[in-house]
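In: The following comprises the amino acid sequence and a computationally predicted model.
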Amino acid sequence: MNSDLKTTPADRWIINPVNNFISKSTTGGIVLFVSAIVAIVLANSPLSDWYHHIWEHKIGCSFDDTTYLNLSLHHWVNDGLMAIFFFVVGLELKRELIVGELSNPKKALLPIVGALGGMIFPALIYLLFNYGTESSHGWGIPMATDIAFALGVLYLLGDKIPTSLKVFLTALAIVDDLGAVLVIAFFYTAEINFPMLFTGIGFVLFLLCGKAFGIRNTFFYAIIGIFGVWLPFLLSGVHATIAAVLVAFTIPIESLQKLEHKMHPFVSFIVMPIFALANAGVTFSSDVIEQATSVVTIGIILGLIVGKVIGVFGVSALMIKLKLATLPTNVNHRQLFGIGLLASIGFTMSLFVTNLAFDNPEYEVQAKLGIFIASTIGGVLGFILLNKNNKSVNINNLNTNA
């Protein structure tokens, strides 16, 4: 029987197109971008006051006339929903370390070193402009790469880009995410409640014991992960997203890929768009030129664009020149330079660190403006460069002949 006869008009015109849209690699980046644009439009419209006020609504639990966890909606998005995002990041990192590109030391060396360079140089450039000022605490903002946006741009290029380059960017972004998690844990954590922290760590060990004894039930890890690890971390002062990464590392390898596959759509189409709506709304004042030329904004723009290119491309090229690493298969140095530009798309993680780094609303606006400018420039230039017909380039040809 013809399968077309079994499909309804709803299948043909609604369900199937939506499923196809969701399955494409570029879709998450598109939805995230649209959410950010909506947030910016709302923040600069007559609805601006309503937009900013809605995220400050308090939500908590009441028991016996006492309210617990009475946090703003903005806080719940950044510490609650984003914990799910970091949980998936943790799953991806574990997979890469066990069976992916990072499991092979020889293959892993180049993206690891490139990611480290792509974190160190942006931070140094930012500090060059902000050292000794109140805004110096924002040095972690330009260190991050937004894996969803960067891969979204790369996948838009289709067959013009070798698979090995996509794998390289994925591995680099995963290492970058790990670096961001460590920076948040060690440098952007408030005063610590050690009893709560040790409680959370104790339950992490409990989950590891459960894994060792063969427990494979997803609900076991979910319940213990939320109430035994995430909640104590939230109350400890250590950022709750760290708990999500730790829980991800306790998940048995047998359940890893299945769980990661199931959670990706929820993270891409619910968690990250809501995060963008809550955090990307910058209200531009009449002195936007002054904001765009502040040391915070310039430090972030140059940190992301120049720092990422020097760190990712420059350090990687040096490693190849010294024969300490090799280029990925079918990849040339122009493509590697393009990856350095795409790595300057900081968006999600950069916005996240901004919220942790600054209490001053003025610095927040300047930082977000810098993130948008740098991410746009890096994304566009990276796309243009990678969209050109590529021929193999030898590292020795990078030197200028006298």
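Out: Looks like it came in fine.
In: residue ranges for the helices of the stretch 201-350 of the chain, please.
Out: With DSSP state H, counting those that start in this stretch, the ranges of helices along the stretch 201-350 of the chain come out as 218-223, 231-236, 240-248, 253-266, 272-279, 288-292, 295-302, 308, 315-321, 333-342, 347-357.
In: ugh, wrong one, I meant the stretch 1-150 of the chain
Out: Using DSSP H, counting those that start in this stretch, helices in the stretch 1-150 of the chain cover 9-10, 16-23, 27-43, 48-54, 73-76, 82-98, 105-130, 147-156.
In: Any idea which of these gets closest to residue 175?
Out: helix 105-130 (3.7 Å; C-beta to C-beta). For the C-beta atoms, the positions are set from N, CA and C on the backbone; glycine is no exception.
In: can you state the direction angle for the closest one and helix 347-357?
Out: Relative orientation of helix 105-130 with respect to helix 347-357: 50 degrees, computed using axes from the mean of the first three to the mean of the last three C-alpha atoms, to 10 degrees.
In: start at 42 instead
Out: I'll keep to 42 as the first residue from here, and by that count the last item is helix 146-171.
In: what's the least confident helix or strand in this protein, going by average pLDDT?
Out: Sorting the helices and strands of the chain by mean pLDDT, DSSP states H and E puts helix 57-64 at the bottom, at a mean of 51.
In: What's the separation between residue 305 and residue 128?
Out: Residue 305 sits 11 Å away from residue 128, going by C-beta to C-beta, to the nearest Å.
In: the more surrounded of those two?
Out: Per other C-beta atoms under 10 Å, whichever of residue 305 and residue 128 has more neighbours is residue 128, with 26 against 15.
In: pLDDT at the more buried one, what is it?
Out: Here, the pLDDT recorded for residue 128 equals 90.
In: Find the residue closest to it in space, skipping its chain neighbours.
Out: residue 285 (4.0 Å; C-beta to C-beta, 6 or more residues apart in numbering).
In: before we move on, the earlier item: of the helices of the stretch 42-191 of the chain, which is nearest residue 341?
Out: helix 146-171 (6.4 Å).
In: before we move on, the earlier item: mind putting the helices of the stretch 242-391 of the chain in a markdown table, distance to residue 425 and mean pLDDT included?
Out: As requested, the helices of the stretch 242-391 of the chain are exported to a markdown table (distance: least, C-beta to C-beta, whole Å; pLDDT from 0 to 100):
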| stretch | distance to residue 425 | mean pLDDT |
| --- | --- | --- |
| helix 259-264 | 44 | 92 |
| helix 272-277 | 42 | 88 |
| helix 281-289 | 34 | 86 |
| helix 294-307 | 29 | 83 |
| helix 313-320 | 25 | 87 |
| helix 329-333 | 23 | 81 |
| helix 336-343 | 18 | 96 |
| helix 349 | 16 | 95 |
| helix 356-362 | 20 | 93 |
| helix 374-383 | 9 | 93 |
| helix 388-398 | 19 | 87 |
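In: so which of those helices comes closest to residue 227?
Out: helix 281-289 (9.9 Å).
In: Can I get the closest one in CSV, CA atoms only?
Out: The C-alpha trace of helix 281-289 is given here as CSV (Å, rounded to 0.1, in the frame of the first residue of the first chain):
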residue,chain,number,x,y,z
ALA,A,281,24.6,25.0,40.3
THR,A,282,25.5,24.4,36.7
ILE,A,283,28.7,22.7,38.0
ALA,A,284,26.5,20.1,39.7
ALA,A,285,24.9,19.3,36.3
VAL,A,286,28.3,18.6,34.7
LEU,A,287,29.4,16.4,37.7
VAL,A,288,26.1,14.4,37.5
ALA,A,289,26.6,13.9,33.7
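In: relative to helix 388-398, how tilted is that helix?
Out: Angle of helix 281-289 versus helix 388-398, following the same axes, to 10 degrees, is 130 degrees.
In: In terms of secondary structure, what does helix 281-289 contact?
Out: Applying 3 or more C-beta pairs under 8 Å, 6 or more residues apart in numbering; DSSP states H and E, we find helix 281-289 packed against helix 123-139, helix 204-228, helix 235-253, helix 272-277.
In: Give the buried residues for the second one.
Out: By that I understand helix 204-228. 205-222, 224-225 (16 or more other C-beta atoms under 10 Å).
In: How about the first one?
Out: Taking 16+ other C-beta under 10 Å as the basis for neighbour counts, the residues of helix 123-139 that come out buried are 123-137.
In: what separates the spatially closest residue to residue 276 that is not a sequence neighbour from residue 424, distance-wise?
Out: Excluding its sequence neighbours, the residue lying closest to residue 276 (C-beta to C-beta, 6+ apart) is residue 237, at 4.6 Å. As for residue 237, its distance to residue 424 is 45 Å (criterion: C-beta to C-beta).
In: now swap in residue 147 and tell me
Out: Between residue 147 and residue 424 the computed distance is 30 Å (C-beta to C-beta).
In: more crowded one of these two?
Out: Taking other C-beta under 10 Å, residue 147 and residue 424 do not tie; residue 424 has more neighbours (16 against 8).
In: host element of that one?
Out: If you go by DSSP states H and E, residue 424 is part of helix 402-428.
In: one step back: any idea which of the helices of the stretch 42-191 of the chain scores lowest on pLDDT?
Out: Looking at the helices of the stretch 42-191 of the chain, the bottom one is helix 57-64 with a mean of 51.
In: rewinding a little: what comes up buried for the helix holding residue 424?
Out: Buried-residue list, helix 402-428, by 16+ other C-beta under 10 Å: 404-416, 418-420, 422-424, 426-427.
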